[in-house]
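K.L.:
task: produce atomic coordinates for the following.
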Amino acid sequence: MLAGALGHPLAPSRAVSGHAPPQITLRVTYSGASAESVQNTVVQVIEKQLSGLDHLRYFSSASNKDGSMEIVLTLEQGSNASGSSCPHE
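P.N.:
This is a model prediction of the structure:
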């Protein structure tokens, strides 16, 4: 308990606030496709479009051997996940 009390002033305010930044999760299944195929034909295409997303802090992605993939986007604290938009090409 003493360590928590001493560490509190040093912790970033976001960590103390208890509010996680907004996240959006994309899941896709490409039946019969390998993880490499999903990565090359789906994930990379989506990741290119994410680079222009408003308020995006970072994202992570994973392709699985069953043909599924998941991309998790983490937005800036205080942004509205439903109000973000990608620029149209």
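K.L.:
which non-adjacent residue is nearest residue 79?
P.N.:
residue 55 (3.9 Å; C-beta to C-beta, 6 or more residues apart in numbering). Backbone N, C-alpha and C define where each C-beta goes, glycine included.
K.L.:
give me the pLDDT for that neighbour.
P.N.:
Per-residue confidence (pLDDT) for residue 55: 91.
K.L.:
how far away is it from residue 48?
P.N.:
18 Å (C-beta to C-beta, to the nearest Å).
K.L.:
more neighbours, those two?
P.N.:
residue 55 (18 against 10; other C-beta atoms under 10 Å).
K.L.:
correct me, but the more buried one touches residue 77?
P.N.:
No: Residue 55 is beyond contact range of residue 77, at 9.4 Å (criterion: C-beta atoms under 8 Å).
K.L.:
show me where this structure has its strands.
P.N.:
Taking DSSP state E, the strands of the chain run over residues 23-29, 56-63, 68-75.
K.L.:
what lies in contact with the first one?
P.N.:
Identification of contacts with strand 23-29 by C-beta atoms under 8 Å, 6 or more residues apart in numbering yields 38, 42, 46, 66-75, 81, 84.
K.L.:
okay, buried residues for that strand please.
P.N.:
Buried positions in strand 23-29, judged by neighbour count with 16 or more other C-beta atoms under 10 Å: residue 24.
K.L.:
before we move on, what about stretch 64-74?
P.N.:
By 16+ other C-beta under 10 Å, the buried positions in stretch 64-74 come out as 67-69, 71, 73-74.
K.L.:
and the residues you listed, which two are the farthest apart?
P.N.:
Looking at the buried residues of stretch 64-74 by C-beta to C-beta, the two members farthest from one another are 67 and 74, with 25.0 Å of separation.
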